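In: how does the following fold in three dimensions:
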Amino acid sequence: MTHAILKPESLERIAYVYLRQSSPGQVRNNREGRLRQLAMTDRVAALGWVASKIVLLDGDTARSGSSQHGRDDFQTMLEAIVTGKVGLIAACELSRLVRDNQDWSHVVRLCRFENVLLADEHRLYDPADAQDRMVLGIQGAFNEFELSMITDRMQQSLRQKAQRGEQWDALPAGYVCRHPPVCEKHPDESVQRAVQKVLDDFRRFPSVQRLYAQLVKEAFQLPIVPPGSDWRDVQWITPSYCQILELVRNPIYAGIYARGRRKVVTMLDAEGHKHTKRRRVPREQWDVFLENHHVSYITFQEWERNVEKIATNANARVPLAQGAAGRGESLMAGLLRCRRCGHRLYASYSSRGVRYKCRGGSRQRHAKSTSCLAFAGTALEALLTEDILDVVSPAGVAAAELATQRLNQEREQRRQLLIDRLQVARDAEQRAAREYKQTDATYTAVRQALGGEWETALSRVAEAQLRLSEFDRCEPDVPTPAQRAQLTHLSDDLRRLWNDPRATGNLKKQLVRVLIQEIVADIDEERNEVLLLVHWSGGHHTTLRESRHRPRGKLPADDLKTVIDTLRKLMPDDSIAAALNRERISTGVGGTWTRQRVKRFRESAGIAAFSQKLKVSSGWLTQAEAATRLELSPMSVHRMVKHGILPAEQPHAGLPMIISASALDREEVQSAVKRLKSGCSRPLPDDPRQLALF
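Out: Have a look, this model is predicted:
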């Protein structure tokens, strides 16, 4: 009966034998299942197909049959059906083809109209026959139902086990499960110290990115146990950013057993194919959350602080998040929120300082030019700085002493990690030497390979010893007795240190973010003032007010003469007038400047006019011209001037600066240029003796 539906034209076409196993585990462990599927080639040959017409499709092994997406051999088979090249599709179980009933119905429909037969271990089916088509339809519905039931049973068992805190998929670095289901710290203390270092260091870094950069600089290596390996087989690897991010926010390090941190979301693409993605969900939606489940590396409170810090830095995803401290000089960036619409204010920079603007109004009103409020922030930040210094000064000495203690602890911790790495390298060298010596001399090729491994292990020991020796030779980051004596006067010098050109803006912003939780901004229209409501971290609130528009200022005659005499070295009278008006420097009678007024003032004061020839011969350069010669951006030149590396003459704040061409050849300038071109954001070299205040 089976052979009765075979037609000669079917035997002339290709017969596909389709193989599939759902997971890599099935491929490794269920080899008999593969042999059973391969036996279908003999059944197809018994039906009458010659060997040259039988094609084996086994490229979709280790892939689930819940969808046709991602299965190349399945797509190849469908294309061959449509082109009329296929006479038979065989599988030991037709559920191997696809378990989604809609996709299965599509396959049966194509086979019906292209006269393609289907075969399993028991019988042959003709989709063109109504009874066979009914049986195939029942099989498709049952296959989908069976897969759903299997999945539900497995998930229910996993959930039941997870409710007891006993379900472990894979343990992160620093934990092992030697006696299931008990989770414990790795017995190797060097592994524990490495994990503890990352968690401890995150306390003093404002973001994971900064922490990761420091770990890369220290050539830090993270201990991991590869999945499926014995817990003793520890591998030391250079971690990626994502691994460090997951380490500092994983609740397991706080002794918490958590399940359901990510949910599987099923979506359809434009072609109707099913895709699944894992997305993080809030803690309230986690399936299991058990505190004090196992021995922890950090406290529950510290883990919450880590999660809050990471969420605060995620400015690209959270509209009202502060964001990580950036490179700009603005102290209030990320802290300002508009009182009118609730959106965050953004900072922009110019030669006149920082300016804040709310873009929430344009998003709400769908107008590009609409803004709730905008104001200059330089004067307001000066007021805020005074309040911050008043708050910080009494704690200056205690903070410096704490920094000294942390430097000592950090040095000891880093040295211990280097000792651990040396011990690991020595253990590996001893194992390689033992294997080489225990191998019979007659196995020449084997001994040669083992000898190469021994040499590699010896070189790693030498490298680890060299790193430890270099670390011990470095001068400790510990203050001398004279420096300790200066710490007692730190509170008096804190204002001077804050205003020092070498003080980085990033450190200042980190301090501001510790002290201040949020600043709400608004405009007092009646008094034409900017109003800031400062929410301090301790719960207090203060108010800052500053005039919205800066009044025009009058300079004394001698100062004005100096300003114009300096500017005429770079620009003609009309450009001088524009620069003075831009900085709101008025004439002697309080008016604005024009080319004629600058000329009259210059002639009455006996100041020569601008000369391009004199400018070139004297080597006077503008900031942009100096940047062109150094092949840097004008902002990089501005930073070098601000840090005192590149000397420049600036007659008044905000006005153009004059740079001498001869100053560009100075050794410290060229060194800073090389540093900036190498990718470093700071022109000053790092001083290993510099003490961190916090």
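In: lowest-confidence helix or strand of this structure?
Out: Every helix and strand in the chain was compared by mean pLDDT, DSSP states H and E; the lowest is helix 360-365, with a mean of 51.
In: what lies in contact with the helix or strand just after that one?
Out: Next helix or strand after helix 360-365 toward the C-terminus (DSSP states H and E): strand 374-376. Around strand 374-376, the neighbours that count as contacts under C-beta atoms under 8 Å, 6 or more residues apart in numbering are 352-358, 521, 523, 530, 548, 550. Yep, even glycine has a C-beta here, placed from its N, CA and C like the rest.
In: quickly run through the sheet partners of strand 374-376, with directions.
Out: Sheet pairing for strand 374-376, assigned by DSSP bridges, gives strand 353-358 (antiparallel).
In: tell me the buried residues in the partner strand?
Out: Neighbour-count burial for strand 353-358, counted by 16 or more other C-beta atoms under 10 Å, picks out 354-358.
In: for stretch 564-573, same thing?
Out: 564, 566-573.
In: figure out the length between the terminal residues of it.
Out: 9 Å (C-alpha to C-alpha, to the nearest Å).
In: quick one: mean pLDDT for that stretch?
Out: Mean pLDDT, stretch 564-573: 88.
In: what's the answer for stretch 85-104, then?
Out: 85.
In: could you do stretch 441-449 as well?
Out: Across stretch 441-449, pLDDT averages out at 77.
In: contacting residues around that stretch?
Out: Outside stretch 441-449, the residues that touch it by C-beta under 8 Å, 6+ apart are 436, 439.
In: repeat that for 6 Å
Out: By C-beta atoms under 6 Å, 6 or more residues apart in numbering, the surrounding residues in contact with stretch 441-449 are residue 439.
In: centre of the chain to that stretch, how far?
Out: Centroid separation for stretch 441-449 versus its chain: 47 Å, with C-alpha atoms, centre = their mean, to the nearest Å.
In: what are the C-alpha coordinates of that stretch, in CSV please?
Out: Output of stretch 441-449 as CSV, limited to C-alpha atoms (Å, rounded to 0.1, in the frame of the first residue of the first chain):
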residue,chain,number,x,y,z
ALA,A,441,61.9,9.6,26.0
THR,A,442,60.8,7.4,23.1
TYR,A,443,57.8,9.6,22.5
THR,A,444,59.8,12.3,20.8
ALA,A,445,56.9,14.3,19.4
VAL,A,446,55.0,14.3,22.7
ARG,A,447,58.0,15.4,24.7
GLN,A,448,58.7,18.2,22.2
ALA,A,449,55.1,19.5,22.6
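In: tell me the buried residues in stretch 48-60?
Out: Neighbour-count burial for stretch 48-60, counted by 16+ other C-beta under 10 Å, picks out 49, 53-57, 60.
In: how far does that stretch stretch from one end to the other?
Out: Termini of stretch 48-60 sit 26 Å apart (C-alpha to C-alpha).
In: that stretch: how far from the chain's middle?
Out: 48 Å.
In: residues contacting that stretch, please?
Out: By C-beta under 6 Å, 6+ apart, stretch 48-60 touches 11, 14-20, 41, 44, 71-74.
In: closest one to residue 643 out of the residues you listed, please.
Out: Nearest to residue 643 among the contacts of stretch 48-60: residue 72, at 57.8 Å, using C-beta to C-beta.
In: the nearest residue to that closest one once chain neighbours are set aside: what secondary structure?
Out: The shortest distance from residue 72 to any non-neighbouring residue, by C-beta to C-beta, 6 or more residues apart in numbering, is to residue 59 (5.8 Å). Judged by DSSP: H, G, I helix; E, B strand; the rest coil, the three-state class of residue 59 is coil.
In: next one: the one 3 residues further on
Out: At residue 62 the chain is in coil, as set by three-state DSSP.
In: closest one of the contacts of stretch 48-60 to residue 583?
Out: Out of the contacts of stretch 48-60, the member with the shortest distance to residue 583 (by C-beta to C-beta) is residue 72, at 67.0 Å.
In: so of the buried residues of stretch 564-573, which ones are in helices?
Out: Counting by DSSP state H, the buried residues of stretch 564-573 place 564, 566-567, 573 in helices.
In: in ChimeraX, select just the buried ones from the contacts of stretch 48-60.
Out: In ChimeraX, a selection of the buried entries from those looks like this (16+ other C-beta under 10 Å):
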select :14,15,16,17,18,19,20,41,44,71,73,74
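In: so which of the contacts of stretch 48-60 are in helices?
Out: The helices in this structure, assigned by DSSP H, contain 11, 41, 44, 72-74 from those.
In: where does the chain dip in pLDDT?
Out: Low-confidence segments of the chain (pLDDT under 70): 1-4, 65-68, 270-274, 314-329, 351-352, 360-371, 390-408, 475-505, 549-554, 679-694.
In: and it, what are its domain boundaries?
Out: Structural domains annotated on the chain: 3-160, 166-256+291-313, 394-487, 557-677, as defined by automatic domain parsing.
In: what comes into contact with whatever helix or strand residue 37 lives in?
Out: Assigned by DSSP H and E, residue 37 belongs to helix 31-38. With contact meaning C-beta under 6 Å, 6+ apart, helix 31-38 is reached by 19, 92.
In: again, 8 Å this time
Out: The contact list for helix 31-38 (C-beta under 8 Å, 6+ apart) reads 17, 19-21, 26-27, 56, 61, 91-92, 96.
In: any idea how far residue 519 lies from residue 151?
Out: 51 Å (C-beta to C-beta, to the nearest Å).
In: okay, these two: which has more neighbours?
Out: residue 519 (23 against 11; other C-beta atoms under 10 Å).
In: tell me the SS of that one?
Out: Assigned state for residue 519: strand (three-state reduction, three-state DSSP).
In: the one 3 residues further on now?
Out: For residue 522, the assignment made with three-state DSSP gives strand.
In: what residues are up against the residue nearest to it when sequence neighbours are not counted?
Out: Taking C-beta to C-beta, 6+ apart, and ignoring the residues beside it in sequence, residue 522 has residue 339 as its nearest neighbour in space, at 4.0 Å. Shown in contact with residue 339 (C-beta under 8 Å, 6+ apart): 520-522, 533.
In: do that again at 10 Å, thanks
Out: Contact analysis of residue 339 by C-beta atoms under 10 Å, 6 or more residues apart in numbering lists 358, 372-373, 520-523, 531-533.
In: also residue 230?
Out: Contact partners of residue 230, counting by C-beta under 10 Å, 6+ apart, are 176, 178.
In: now do the SS call for it.
Out: coil.
In: how close does it get to residue 159?
Out: Counting by C-beta to C-beta - residue 230 and residue 159 are separated by 29 Å.
In: in a strand, residue 542, correct?
Out: Yes - according to three-state DSSP, the state of residue 542 is that of a strand.
In: please name the nearest non-neighbouring residue to it.
Out: That would be residue 534: by C-beta to C-beta, 6+ apart, it lies 4.8 Å from residue 542.
In: for the closest residue to residue 166 other than its chain neighbours, phi and psi?
Out: Distances taken as C-beta to C-beta, 6+ apart put residue 181 closest to residue 166, at 3.5 Å, once the chain neighbours are dropped. Main-chain dihedrals, residue 181, degrees, to the nearest 10: phi -100, psi 20.
In: surely residue 181 touches residue 167?
Out: Yes - Residue 181 is in contact with residue 167 according to C-beta atoms under 10 Å; the separation is 7.7 Å.
In: what about those two, which has more around it?
Out: More crowded of residue 181 and residue 167, by other C-beta under 10 Å: residue 167, with 16 against 11.
In: roughly how far apart are the more buried one and residue 385?
Out: As judged by C-beta to C-beta, residue 167 and residue 385 stand 53 Å apart.
In: A strand includes residue 535, no?
Out: Yes - membership of residue 535 in a strand is supported by three-state DSSP.
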